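> Structure for the following, please:
(chains A and B)
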Amino acid sequence: MDKVYSRPRLLKKTHFHYCAGCGHSIIHRLVAEVIDEMNLQDRIVGINSAGCSVFAYNYLDIDMAESAHGRGLAVATGLKRASPETIVFTYQGDGDLAAIGTAETIHAANRGERITAIFINNAVYGMTGGQMAPTTLLAQQTTTTPYGRDARLEGYPIRVSEMLALLKGVVYVERTSVDSPANIRKTKKAIRKALQVQLDGLGFSMVEILAACPINWKMDPLESWQWIGKEMTKEFPLGVIKDITGQADAD
Amino acid sequence: MAKVLMDGNSVIGEAAIRAGCQCYFGYPITPQNELTEYMATHLARRKGCAFIQAESEIAAINMVFGASLAGARVMTSSSSPGMSLKQEGISYLASCELPAVIVNMSRGGPGLGSISASQSDYFQATRGGGHGDYRTIVLAPSSGQELADITHRAFDLADTYRIPVVILGDGVLGQMMEPVEFKHEAPEELPVRTNALRGAKGRPSRIVKTCTSNPSEMEELNWSLYRRYQLVREEEITYETFLVEDAELIVVAFGIAARIARGAIKNARANGLKVGLLQPITLWPFPSGKVEELANRTKCFLVFELNMGQMVEDVQLALNGKGEVFFYGRPGGVISTPSEVFRVISRHYYQRGLKQERNGQGI
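Numbers count the residues shown, from 1 in each chain, chains lettered A, B, ... in the order given. Predicted coordinates for the structure are as follows:
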């Protein structure tokens, strides 16, 4: 019988601490597969930061370091500038990348740092128990918007990918989702492309991935995956947001 | 090499490059801008080196964290308000045992404060500064030459102990031009950092982290840092003394205040007052043993700082009642003159009857 699937080589043999239905475990698997397929294990460093994915280094069998909350892209910048041959990616949540780390995100992107951000958008602060994130949808209930997010009080969900696409240093941004097998495949392709942009020395690349947080959304896994397609994608449409790989100058 | 005339900020930059500094990340703030500018001119385009004017002090210190992860010799600099912002990153550097050199050309505070020289960041520098139970080595130069020598030493200390090292200067030291001799050339090879992250080539993958869900693991990290700090305490305390052998009163001062105190002490000696100086070079670890030893003979200590009294607490702790401690300070960026300090010295000297005490004429 043909072997059609096996555990990714770069995923450590341990149990995920993630909740049932959480997007992180799927995305970790995709990252592990892509790094292995692109044969980057010898020269890649991942930077993860505060949030549920702070323990990503327990699962990915590559060099990894933890950054302070929100500072991932500044840490990645320092590492990449000190060691330009190293492939550097960050793995960040929405609170990390789009709230506390907004300045670091915008300026690393604007400098066109040759680094890659993997940005998990689940519209909520997961690890701290379901508070409002910068990407929380209007009317979405969280522990700090118990009556639903009100634009007059809490502002609007931030579309980080669209914002970053305006910056000249940004070469490739795509928004994907892990709510269906087809979208999971698209996400893997996007991660591969984002790392290729870095390998080619073209500039900053990012993949924004819509993922579920069933526990904090107070839904069961299936319901939460359906909610991504029905509700989240209205605010955060999927697709390539910017791709100038054909026009960007390599180093 | 021959002496050159340079401002203190540029001296640090040149000394850092000669110590093998490969990366510098900074953000503009007075009175340390000449250092950032020096690195933009002289480090940025060197082979294998990197310079970034960061978007904030927070970003700069986290770039330092990243470059240190990669195994590079790395530096950042700022002044007081910017140092407050860097504390988060310094705590992470300490926790991850990553070497880095951090310069604070401090100014008057609190708040945005004045841009004039001050020593009011002593507590922040010597108590760790950020959250958590950690220390940084703190070095206090008092002249252009010491800036050059101490900067070189800072990189070696950082690598040896895998610890952030703070150079605590001030606005005067940063701006003042003095003749300086650079005693080192940039090293051809740097010590290999065995914990660097550049990809898991030919070895198992590595993790550098600060977070754990296990308090016992965190406790052990703290103990291991503590053991390292004990080693630093045993090996690295440095200080200078001036005319202490027969002193009836010893002034304790660091950095630019020690320079001012020297002038005052020379004046005191010319007036027949037996006054000496203890100048700590390492503020952490503090030369407590030396203070205690000096107290075997001298019972009167005057701590002089350009702040409201911070190092004075370390002197009191070191003496533990063995001698009398007075304090004189000017905060906010006001700089005392040697004659002002001389007046304070002579007042205490005569009030305590130190002129008579030693030959039996005391009360």
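> Helices of the chain, start to end?
You didn't say which chain, so I picked chain A. For chain A, the helices defined by DSSP state H cover A:23-37, A:72-82, A:94-95, A:102-110, A:151-154, A:160-165, A:181-199, A:214-217, A:221-227, A:233-235.
> Sorry, I should have been clearer: chain B.
Under DSSP H, chain B gives helices at B:8-18, B:33-42, B:57-69, B:80-96, B:122-126, B:144-161, B:171-175, B:215-235, B:255-270, B:288-294, B:311-319, B:338-351, B:354-356.
> So which residues on chain B come close to chain A?
B:22-23, B:25, B:50, B:52, B:54-56, B:58-60, B:62-72, B:74, B:88-89, B:92, B:96, B:197-202, B:205-211 (CB under 8 Å from any CB of the partner chain). (Glycine included, C-beta is placed from N, CA and C.)
> so how many other residues sit close to the residue nearest to A:Gly130 when sequence neighbours are not counted?
Leaving aside its chain neighbours, A:Gly130 sits nearest to A:Asn216 (3.3 Å; criterion: CB to CB, 6 or more residues apart in numbering or on different chains). Counted with other CB atoms under 10 Å in any protein chain shown, residues neighbouring A:Asn216 total 24.
> try B:Glu220
12.
> same question, B:Asn33
Counted with other CB under 10 Å, B:Asn33 comes out at 18.
> ok, B:Met177 - contacts?
Contact partners of B:Met177, counting by CB atoms under 8 Å, 6 or more residues apart in numbering or on different chains, are B:5-8, B:144.
> Format these as JSON lines; extra columns: pLDDT.
Shown next, in JSON lines, are those (pLDDT from 0 to 100):
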{"residue": "B:Leu5", "pLDDT": "97"}
{"residue": "B:Met6", "pLDDT": "98"}
{"residue": "B:Asp7", "pLDDT": "98"}
{"residue": "B:Gly8", "pLDDT": "98"}
{"residue": "B:Gly144", "pLDDT": "97"}
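> which among the residues you listed gets closest to chain A?
For those, the minimum distance to chain A (CB to the nearest CB) is 25.7 Å, reached by B:Gly8.
> Leaving out sequence neighbours, find the closest residue to the residue in the stretch 101-250 of chain A positioned nearest to chain B.
Per CB to the nearest CB, A:His107 is where the stretch 101-250 of chain A lies closest to chain B, at 3.9 Å. Once flanking residues are discounted, A:His107 sits nearest to B:Glu55: 3.9 Å by CB to CB, 6+ apart.
> Would you check how far apart that neighbour and B:Ser68 are?
19 Å (CB to CB, to the nearest Å).
> Looking at these two, which is more packed in?
The residue with more neighbours, out of B:Glu55 and B:Ser68, is B:Ser68; 31 against 18, by other CB under 10 Å.
> In contact with that one, which residues are there?
A:78, B:74, B:93, B:98-100 are the contacts of B:Ser68 under CB under 8 Å, 6+ apart.
> Would you confirm that B:Leu283 contacts B:Thr126?
Yes - the pair B:Leu283 / B:Thr126 is scored as a contact, 5.1 Å apart, by CB atoms under 8 Å.
> overlap in contacts of these two?
By CB under 8 Å, 6+ apart, the residues touching both B:Leu283 and B:Thr126 are B:Val138.
> any idea how chain B splits into domains?
B:4-235, B:241-361 (automatic domain parsing).
> Of the ones you listed, which stretch is the most buried?
domain B:4-235 (a mean of 21; mean count of other CB atoms under 10 Å in any protein chain shown).
> got TSV for the contacts of B:Ser68, with distance to B:Asp149 and pLDDT too?
Output for the contacts of B:Ser68, formatted as TSV (distance: CB to CB, whole Å; pLDDT from 0 to 100):
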residue	distance to B:Asp149	pLDDT
A:Gly78	27	98
B:Val74	20	98
B:Leu93	23	98
B:Leu98	24	97
B:Pro99	19	97
B:Ala100	19	98
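> Could you single out the nearest of those residues to A:Ala165?
Closest approach to A:Ala165 among the contacts of B:Ser68 (CB to CB): A:Gly78, at 24.7 Å.
> Let me know how buried the closest one is, in neighbour terms.
35.
> Contact partners for it?
Per CB under 8 Å, 6+ apart, neighbours of A:Gly78: B:23, B:25, B:62-70, B:74.
> Which part of chain B gets nearest to chain A, residue-wise?
B:Gly66 (2.6 Å).
> The residue of the stretch 101-250 of chain A closest to chain B contacts B:Ile58, doesn't it?
No - assessed by CB under 8 Å, A:His107 is found out of contact with B:Ile58, at 11.0 Å.
> Am I right that B:Ala16 is in contact with B:Val101?
Yes - with contact defined as CB under 8 Å, B:Ala16 and B:Val101 form a contacting pair (7.0 Å).
> and for these two, which residues touch both?
B:75, B:151, B:155.
> residue ranges with poor pLDDT in chain A?
A:248, A:250-251 (pLDDT under 70).
> Point out the residues in it that sit beside chain B.
So chain A meets chain B at A:40-45, A:47, A:50, A:54-55, A:57, A:60-68, A:71, A:74-83, A:85-87, A:103-104, A:106-107, A:111 (CB under 8 Å from any CB).
> rerun that using 6 Å as the cut-off
Contacts of chain A with chain B, taken as CB under 6 Å from any CB of the partner chain, map to A:41-45, A:54, A:57, A:61-66, A:68, A:71, A:74-75, A:77-79, A:81-83, A:86, A:103-104, A:107.
> contacting residues around B:Lys338?
No Lys there; residue B:338 is Pro. Counting by CB atoms under 6 Å, 6 or more residues apart in numbering or on different chains, B:Pro338 touches B:260, B:263-264.
> Work out the gap between stretch A:204-215 and the centre of the chain.
Using CA atoms, centre = their mean, to the nearest Å, the mean C-alpha position of stretch A:204-215 is found 5 Å from that of the whole chain.
> First-to-last residue distance for that stretch?
Stretch A:204-215 stretches 33 Å from its first residue to its last (CA to CA, to the nearest Å).
> one step back: biggest separation within the contacts of B:Met177, which pair?
Taking CB to CB, no two of the contacts of B:Met177 sit farther apart than B:Leu5 and B:Gly8, at 11.5 Å.
> Any idea what B:Val325 is bridged to?
As for beta bridges, B:Val325 partners with B:Phe301 under DSSP bridges.
> residue contacts, it?
B:301, B:315-316.
> now do 7 Å
Each residue near B:Val325 by CB atoms under 7 Å, 6 or more residues apart in numbering or on different chains is listed here: B:301, B:303, B:312, B:315-316, B:319.
> For the residues you listed, could you give me CSV that also reports pLDDT?
Formatted as CSV, the contacts of B:Val325 follow (pLDDT from 0 to 100):
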residue, pLDDT
B:Phe301, 98
B:Val303, 98
B:Val312, 98
B:Val315, 98
B:Gln316, 98
B:Leu319, 97
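> neighbours around A:Ile191, how many?
Neighbour tally, A:Ile191, other CB under 10 Å: 25.
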